[in-house]
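> This is a predicted model, with the sequence first.
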Amino acid sequence: MLGTPADAWYVWLGLATVSLALLGTATSLPTAAPPDPAPAARTVDAVASGPYASTAEHPLDAAAVRIDPAGIALRTDGGAVREPFSYGPVTPVPPDAGDLRAVLTGGRPARAFETPQALADRAARARQHAPEWRAAPDQLLVRHVTWGDVDVTLVG
């Protein structure tokens, strides 16, 4: 009789170790595909590249979102994916930016800012903030605003 007897303790120990390793690998695999930020980025590009002031909404199906002047990233349990914008830079608007948020949600720029230059300065400061992951809302809002010589695209 050649070979290792199946009742040897080290055979069972090795089999248990391999089984645990395979189980750990299987449970660590993502259960869903990562989100696709390309459609959201195309919506931002369509608004940003337009010659006139415009607004758009795009539904988001992600747990978290991170917007920077050059792109958007979406994250779910399946992973995180970033898509660059073709037109930009855009101005990310965090939920706590009252003046920019008011303009993004449809308010007149003249109500939130005293001058077009004040809007341009505030937008420039917003673009300098480090992007952070935030809970993703149901809708991504995009607004292209022109006021005097100021031309900005707000995204939030």
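Here it is on my side, so go on.
> got any ranges where the protein has weak pLDDT?
Low-confidence segments of the chain (pLDDT under 70): 1-9, 12, 26-31.
> what about the strands in it?
All strands of the chain, identified by DSSP state E, fall at 54-59, 64-68, 71-76, 79-84, 91-92, 134-135, 139-147, 150-155.
> so what's Leu154 bridging to?
Following DSSP bridges, Leu154 is listed with bridge partners Thr91, Arg143.
> Count residues in the vicinity of Val142, would you?
24 (other Cβ atoms under 10 Å). (C-beta placed from N, C-alpha, C; glycine too.)
> List the contacts of it.
Listed by Cβ atoms under 8 Å, 6 or more residues apart in numbering, the contact set of Val142 reads 43-44, 47-48, 55-58, 90, 153-155.
> Between those, which sits nearest Gln139?
Glu57 (4.7 Å; Cβ to Cβ).
> That closest one reaches Leu141, doesn't it?
Yes - with contacts counted by Cβ atoms under 8 Å, Glu57 reaches Leu141, the gap being 5.9 Å.
> more neighbours, the two?
Leu141 (19 against 12).
> Distance check, the more buried one against Ala21.
Here Leu141 is placed at a distance of 47 Å from Ala21 (Cβ to Cβ, to the nearest Å).
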